[in-house]
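Trainee: Structure, please.
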Amino acid sequence: SYTAQIPHDFGVYVKAWQRYVQGENPYVASEYSAFKYAPGMLALIGILPKAPTDAWFAFSLLCIAGISASLMIGARYRSWRDVVALALGVILSWKGILECLDYGQVELFIYPILIGATAIYTRQTLLSGALVGLLPWIKLPLLFMIVPFFFASSRREREDGKPPLRRLKLFFSGFLFSSVFWGAALPSLAFGPDKALALSQSWYTLIRDQPPGLFDSPLNQSLWASLGRWVDLH
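Mentor: Got it, this is the predicted structure:
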C-alpha cells in the first residue's frame, strides 16, 4: 500500500517534470498546488526513475536513509541517558515524520542536509557552507538558515583563537559557490542556458504572484503565517 499510490505533493513534483519533458511550462500559477521549487530542484527530480511509483519509492527511501544517518552523526551518545533522549525525540516527532511521508513533502530530504552541515561545521566549514547554500534552492525561506551559522562562526572564532572572520569567510565562500551552482550552473547544464533562464523567470513569477489564500490557509503552520492570522496582518 505504501508504494501503490504516490502522495499528493510528490505527485506535483512528478507532474512538473512530465510537463517539462512534454515541452510545457512546469510553473502554472493558476494551480493551487503548483510546483514552486527552483529549476535546480526540477533537475534533481529528473534524476529519479521515470515511473511515478518507482520515483516515490526511491525518493522516500533516500529520505528515510538520510534521517537514519542524521540520527547517527548528529549527536554523540555517551550514556544510556542520551539513547533514551534520542528515543523520546523520535517518539515526539513520529507523527510529523509520518505526515511528511503521507504528503510526500521534501522536509525529510532537507533535514539530513541541515544536520550534516551542522555536524561537519567545525571540521569542514567550507563544505558546511556549500550544503547550506543548497537549501534556499529547495525552499526559498531556508535562506534564513545562514543566521545561526553566522552567530556560530563568530563565537567559534573567539573560542578557537583563530584569525578574525576566518571561519565566517570559509562558510560564506562555500555558501556562495553552492548558491551559484544550484541556482544557475546546474539548471544551465541540465536544460541549456536559454531554457534555464526561461524556467527561472517562470519560477520567479510564480513565487511573486502567490494567491493570498495560500498564506491564510490553516494548513500553513509557519510562524510568520500564524502571527499573521493572530494579529490580522495582511
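Trainee: Mind listing what's buried along the longest helix anywhere in the chain?
Mentor: Assignment by DSSP state H gives helix 80-103 as the longest helix of the chain. Buried residues in helix 80-103, counted by 16 or more other C-beta atoms under 10 Å: Ile97, Cys100, Leu101. C-beta here means a position set from N, CA and C on the backbone, and glycine is covered the same way.
Trainee: Just the element for the residue nearest to Ser33 when sequence neighbours are not counted, please.
Mentor: Leaving aside its sequence neighbours, Ser33 sits nearest to Val12 (C-beta to C-beta, 6 or more residues apart in numbering; 5.2 Å). Val12 is part of helix 8-21 when elements are defined by DSSP states H and E.
Trainee: Quick check: phi and psi at the residue lying closest to Asp209 once chain neighbours are set aside.
Mentor: The shortest distance from Asp209 to any non-neighbouring residue, by C-beta to C-beta, 6+ apart, is to Ala29 (5.3 Å). Main-chain torsions, Ala29, degrees, to the nearest 10: phi -70, psi -20.
Trainee: hmm, who's touching the helix holding Val12?
Mentor: Helix 8-21 is contacted by residues 6, 25-28, 33-35, 37, 42, 45-46, 52, 55-56, 59, 103-105, 191, 199 when judged by C-beta atoms under 8 Å, 6 or more residues apart in numbering.
Trainee: Pull out the buried members of those.
Mentor: The buried subset of the contacts of helix 8-21 (16+ other C-beta under 10 Å) comprises 6, 26-27, 34-35, 37, 42, 45, 52, 55-56, 59, 104-105, 191, 199.
Trainee: Looking at the residues you listed, which one is closest to Arg166?
Mentor: Lowest distance from Arg166 to these (C-beta to C-beta) belongs to Tyr37, with 33.9 Å.
Trainee: Distance of the closest one relative to Val231?
Mentor: Distance of Tyr37 to Val231, given as C-beta to C-beta, to the nearest Å: 30 Å.
Trainee: follow-up on the earlier one: check which helices and strands the longest helix of the chain is in contact with.
Mentor: On a contact count with 3 or more C-beta pairs under 8 Å, 6 or more residues apart in numbering; DSSP states H and E, helix 80-103 meets helix 8-21, helix 52-73, helix 107-119.
Trainee: could I get these as JSON lines with mean pLDDT and distance to Pro187?
Mentor: Supplementary listing: the helices and strands packed on helix 80-103 in JSON lines, determined by pLDDT from 0 to 100; distance: least, C-beta to C-beta, whole Å:
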{"stretch": "helix 8-21", "mean pLDDT": "92", "distance to Pro187": "11"}
{"stretch": "helix 52-73", "mean pLDDT": "90", "distance to Pro187": "20"}
{"stretch": "helix 107-119", "mean pLDDT": "91", "distance to Pro187": "18"}
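Trainee: Output these in a markdown table, with distance to Leu227 appended to each entry.
Mentor: Formatted as a markdown table, the helices and strands packed on helix 80-103 follow (distance: least, C-beta to C-beta, whole Å):
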| stretch | distance to Leu227 |
| --- | --- |
| helix 8-21 | 24 |
| helix 52-73 | 29 |
| helix 107-119 | 21 |
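Trainee: Looking at those, which is nearest to Leu127?
Mentor: Per C-beta to C-beta, nearest to Leu127 of the helices and strands packed on helix 80-103: helix 107-119, 8.1 Å.
Trainee: Next, the angle helix 52-73 makes with the closest one.
Mentor: Relative orientation of helix 107-119 and helix 52-73, computed by axes from the mean of the first three to the mean of the last three C-alpha atoms, to 10 degrees: 30 degrees.
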